[in-house]
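Participant: dropping the sequence and predicted coords here.
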Amino acid sequence: MADVVQYRLERMIPELDDLEKRGLFSKPEIREIVKKRRDFEYRLKRPHPIKEDYLRYIEYEKQLEALRKLRKKEIVRRLKENNRKWPFSLCDKTSIGRIQYIYGKLVSKYKGDLNLWFQYAEYCREQESRHTRQVLGEALSFHPNVPGLWIYAAAWEFEHNLNASAARALMLSGIRACPKSEILWIEYFRMELTFVNKLRARKIALGLDKISSLHEEEDDKTWREENSDLFMPLNGEKLDDEGTVENENNELETNADVIAIRELGYKMAYAILNKAIDAIPSSLRFRQLFVEMLDSLEVEKATILEDEICRTMLNDFSNDECCWDWLARRHLTKLQRGKQIGKEKAVAGLNKTIQAMEFFSSQRDYFDRILDMLGQVISVGSGGREGATLACTALDWVLQNRGVQCAREMYNRLLALPGPSLDFYKHCITFESQLAAVGCKEAAQNMCTLYDSALKLYDQNIELWLDYCTEELKAGRSNAASSVYWRARKTLKDSSAFIEAFQSLQT
């Protein structure tokens, strides 16, 4: 044991001499370093060393390296003042190698500790060491059923090693090893879409495409600087001084090349989505995660991909109330954020809510939630004529399937929302008027209440005042009709047309 420890200490002599020669550590400090390292080396050579011994040794070396870099920085500053440079020295690389060596011994002894493998790989990544790929390969050989490890390895290849092909190969290997892992499928899907975004940025760098409208207020140069990570080269390519993509043969990519590769990327994303659904067909949350992931990326065909996912959800989970609830809430959220501006998309969201009502009309609790959702969507969309039409359709459906009382509860909820439309008020009044015609006393009172409520919002609408008077006259309540007449004359700014029309009613 002593011979091995002594041999390792002797191999440190060139490094220690260099530290002293460069003025980074004094002789007493060098002796203290040797003493500490000797103690650690003896601990590691015990018959049964413990994990904490390795970790303390690694932590000591990291702190020592941090101190060395701090002192080196100060020396370099003084050298620059004298127009001198710091020449490369042995101590600049030996500390990293030693820490990697200790990590290697640690993981070889505790192969089953996944946390240690991640620490080892993370340290190599931080030091930008080529040893990272070897470490990740060894970790995957011992832990092939850990999805997070496959994702970490693929992310390192894609983001740091700039090798999209290797990252894709790792993802495919991970899926073969863990075909039921939801996070692995989602991250593979994310990686392909990110790759497509980088191709889009490459097209902009080539000057073959205009910058997206999201950046139209910024000039080209500013946008390049703020999004420089998107112009990261892939698979050995590099950027010239002007930011144009150039391959290893110094041949500029053409517009057709970039478009073809980008379309291939979208096809890959579609294939991944379909394969993921086939592998995990019974998880609704799995498909919701795909849609939520699309929100975090600016992808040209995100809407098409989302529609495809929602279509599969409706096909496979049409009898699942959670599916309808999630779809309705998503449409509501989009309207609130202003992501969907067109009326057609708003109407589509309302139609889905009405479809949900048809499916779950027999479930009281959930039906009430859908009614609330319908009201919120109509309110947020400020429905206009389309929103009023759908609200009227929903009211008729509730009346037919749930009865008069439920219909009244529904229209009271919708009218309590901000800014109910006049068309919807008229539809509710017609509903109560028809009930009053068959002898429902409560309906007559409700009709008057609806007229009064509508006139608070639309007090300059002559037609509404006339309809109110007409209904009172039809019911034989001439005194009530006269009261409405005088209210209208006081409220209307120009009551001449109303007076003339009212007189024609009496004749």
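Facilitator: Happy to help now that I have it.
Participant: okay, which residue is most central for the protein?
Facilitator: Of all residues in the chain, the one closest to the mean position by C-alpha atoms, centre = their mean is Ser296, 3.3 Å from it.
Participant: which pLDDT does the model give that residue?
Facilitator: Model confidence at Ser296, expressed as pLDDT, equals 79.
Participant: separation between it and Phe286?
Facilitator: Distance from Ser296 to Phe286, counting by C-beta to C-beta, to the nearest Å: 17 Å. All C-beta atoms are positioned from the backbone trio N, CA, C, and that covers glycine.
Participant: so where's the protein uncertain?
Facilitator: Applying pLDDT under 70 to the chain flags residues 1, 202-262, 265, 335-387, 390, 507.
Participant: quick one: the strands in the stretch 251-400 of the chain?
Facilitator: Shown for the stretch 251-400 of the chain, no strands are assigned by DSSP state E, counting those that start in this stretch.
Participant: hey, where'd the helices end up in it?
Facilitator: Residue ranges of the helices in the stretch 251-400 of the chain, as given by DSSP state H, counting those that start in this stretch, are 255-279, 284-295, 302-316, 321-337, 343-359, 364-381, 384-402.
Participant: and the second one, how far out from the chain middle?
Facilitator: Looking back up the chat, that one is helix 284-295. 9 Å (C-alpha atoms, centre = their mean, to the nearest Å).
Participant: now that helix: buried residues?
Facilitator: For helix 284-295, burial by neighbour count (16 or more other C-beta atoms under 10 Å) applies to 286-291, 293-294.
Participant: again with stretch 295-314
Facilitator: Across stretch 295-314, burial judged by 16+ other C-beta under 10 Å covers 299, 301, 305-306, 308-310, 312-313.
Participant: then stretch 77-97?
Facilitator: 91-92, 94-96.
Participant: for Asp53, give me its contacts.
Facilitator: Listed by C-beta atoms under 8 Å, 6 or more residues apart in numbering, the contact set of Asp53 reads 40, 43-44, 46.
Participant: can you give me the buried ones in the one helix or strand it maps to?
Facilitator: Per DSSP states H and E, Asp53 falls inside helix 51-81. Buried residues in helix 51-81, counted by 16+ other C-beta under 10 Å: 53-54, 57-58, 60-61, 64-65, 68, 72.
Participant: need the residues you listed in JSON lines with distance to Ser173, can you?
Facilitator: Listed next are the buried residues of helix 51-81 as JSON lines, based on distance: C-beta to C-beta, whole Å:
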{"residue": "Asp53", "distance to Ser173": "35"}
{"residue": "Tyr54", "distance to Ser173": "30"}
{"residue": "Tyr57", "distance to Ser173": "34"}
{"residue": "Ile58", "distance to Ser173": "30"}
{"residue": "Tyr60", "distance to Ser173": "37"}
{"residue": "Glu61", "distance to Ser173": "34"}
{"residue": "Leu64", "distance to Ser173": "38"}
{"residue": "Glu65", "distance to Ser173": "34"}
{"residue": "Arg68", "distance to Ser173": "39"}
{"residue": "Lys72", "distance to Ser173": "41"}
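Participant: closest to Leu417 among these?
Facilitator: Each of the buried residues of helix 51-81 was checked against Leu417 using C-beta to C-beta; the closest is Ile58, at 62.5 Å.
Participant: wait, the closest one touches Gln100, no?
Facilitator: No - the pair Ile58 / Gln100 is not scored as a contact, 9.7 Å apart, by C-beta atoms under 8 Å.
Participant: would you mind writing the CA trace of stretch 51-71 as CSV?
Facilitator: Taking Å, rounded to 0.1, in the frame of the first residue of the first chain, the C-alpha atoms of stretch 51-71 are listed here in CSV:
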residue,chain,number,x,y,z
LYS,A,51,-17.9,6.5,-0.8
GLU,A,52,-17.3,9.6,1.3
ASP,A,53,-13.5,9.2,1.1
TYR,A,54,-13.7,9.6,-2.7
LEU,A,55,-16.1,12.5,-2.5
ARG,A,56,-14.0,14.4,0.1
TYR,A,57,-10.9,13.9,-2.1
ILE,A,58,-12.7,15.2,-5.1
GLU,A,59,-14.1,18.2,-3.2
TYR,A,60,-10.6,19.0,-1.9
GLU,A,61,-9.1,18.9,-5.4
LYS,A,62,-11.9,21.1,-6.7
GLN,A,63,-11.3,23.7,-4.1
LEU,A,64,-7.6,23.6,-4.7
GLU,A,65,-8.2,24.1,-8.4
ALA,A,66,-10.5,27.0,-7.8
LEU,A,67,-7.8,28.6,-5.6
ARG,A,68,-5.2,28.0,-8.3
LYS,A,69,-7.4,29.6,-11.0
LEU,A,70,-8.0,32.7,-8.7
ARG,A,71,-4.3,33.2,-8.1
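Participant: ok now it, how far from the chain's centre?
Facilitator: Taking C-alpha atoms, centre = their mean, the mean C-alpha location of stretch 51-71 is offset from the chain mean by 39 Å.
Participant: picking up where we left off before, between the buried residues of helix 284-295, which is nearest His160?
Facilitator: Within the buried residues of helix 284-295, proximity to His160 (C-beta to C-beta) peaks at Met293, which comes in at 21.7 Å.
Participant: what residues are up against that closest one?
Facilitator: With contact set as C-beta under 8 Å, 6+ apart, Met293 has these partners: 186, 189-190.
Participant: same thing with Trp465?
Facilitator: Counting by C-beta under 8 Å, 6+ apart, Trp465 makes contact with 455, 484, 488, 491-492, 498.
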